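Undergrad: just the structure for this:
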Amino acid sequence: MIQIDDAGWGCLIGGVFIGVYRTETGEFRYGEIPVTCFQGIAFTRREYLGVGADIVQRLFTNLAVSKSEPVEVCTGYVLGGIREWLTDKGYEWHPTKITNPLQVLVETVLLQTLHGYGLRDVDYEILTQKQGLLFWKCLRWLKGGDIDATRALPEREALAKTGWASYRIWVENPYAVAKQKAAAFKAARQRARWER
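TA: Residues are numbered from 1 along each chain as shown. As a prediction, this is how the structure comes out:
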């Protein structure tokens, strides 16, 4: 059985890691959809979907995955291009919730990457169970330690998912103001969806 999972889609900092795991042997491989795919026009064009499929193709080649092996894929949106690629190439797959050990393995890769960037006060529990606190810590780090700053440090902004619709709200306002503006922005987007 081959399993595919991702880590990092909801994290403000860094790219998204795609992990592939063979359950019978414990073989684990991963690749990263770079953060540049979540910035500017690349994000608008959803280039991350194709890059994710390219990563899985490379990992499948590395693991010599045969089309007779069943594949389980996490249901996350960022894996949509991978699911399409699997179908196009004739793999038999189905969506599922991925748990241990693959989930822990790929999340640990993300955590180590964040630590490498300097986000050392993020631990596994914060990464996986406290999304609000993770966002706050990433935003504070992005702003150089001052959550109320009205700009990101340029060298750190290069590591941020700047394509997010609310990104500028969070970066260009003190935290309390950004929180209010982001809530209003989210509500307006939901109303627009309902009115369609």
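Undergrad: C-alpha coordinates for stretch 111-120, PDB please?
TA: Provided in PDB are the C-alpha atoms of stretch 111-120 (Å, rounded to 0.1, in the frame of the first residue of the first chain):
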ATOM      1  CA  LEU A 111       8.600  21.300  11.600                       C
ATOM      2  CA  GLN A 112      12.400  20.900  11.000                       C
ATOM      3  CA  THR A 113      12.200  23.300   8.100                       C
ATOM      4  CA  LEU A 114      10.500  25.900  10.300                       C
ATOM      5  CA  HIS A 115      13.100  25.500  12.900                       C
ATOM      6  CA  GLY A 116      15.800  25.900  10.200                       C
ATOM      7  CA  TYR A 117      14.200  29.200   9.300                       C
ATOM      8  CA  GLY A 118      14.400  30.300  12.900                       C
ATOM      9  CA  LEU A 119      10.900  29.500  14.200                       C
ATOM     10  CA  ARG A 120      12.300  27.500  17.100                       C
END
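Undergrad: that stretch: which residues count as buried?
TA: 111, 113-114, 119 (16 or more other C-beta atoms under 10 Å). Glycine gets a C-beta too; all of them are placed from N, C-alpha and C.
Undergrad: now stretch 4-18
TA: Buried residues in stretch 4-18, defined by neighbour count with 16+ other C-beta under 10 Å: 4-9, 11-18.
Undergrad: for that stretch, the averaged confidence score.
TA: Mean per-residue pLDDT for stretch 4-18: 98.
Undergrad: now do that stretch: distance from first to last residue.
TA: 7 Å (C-alpha to C-alpha, to the nearest Å).
Undergrad: try stretch 89-98
TA: 22 Å.
Undergrad: equivalent analysis for stretch 161-175, please.
TA: Using C-alpha to C-alpha, the end-to-end distance of stretch 161-175 comes to 18 Å.
Undergrad: longest helix of the chain, counting residues only.
TA: Secondary structure of the chain per DSSP state H: the longest helix is helix 175-195.
Undergrad: ok now it, how far from the chain's centre?
TA: Mean-position distance between helix 175-195 and its chain equals 22 Å (C-alpha atoms, centre = their mean, to the nearest Å).
Undergrad: next one: stretch 82-92
TA: That offset, for stretch 82-92, works out to 21 Å (C-alpha atoms, centre = their mean).
Undergrad: just give the closest residue to Tyr30, not the sequence neighbours.
TA: Nearest non-adjacent residue to Tyr30, counting by C-beta to C-beta, 6 or more residues apart in numbering: Gly19, 4.5 Å away.
Undergrad: could you give the number of residues near that neighbour?
TA: 28 (other C-beta atoms under 10 Å).
Undergrad: surely it touches Asp5?
TA: Yes - Gly19 is in contact with Asp5 according to C-beta atoms under 8 Å; the separation is 5.2 Å.
Undergrad: find the residues that touch each one of the two.
TA: Common contacts of Gly19 and Asp5, defined by C-beta atoms under 8 Å, 6 or more residues apart in numbering, comprise 102, 106.
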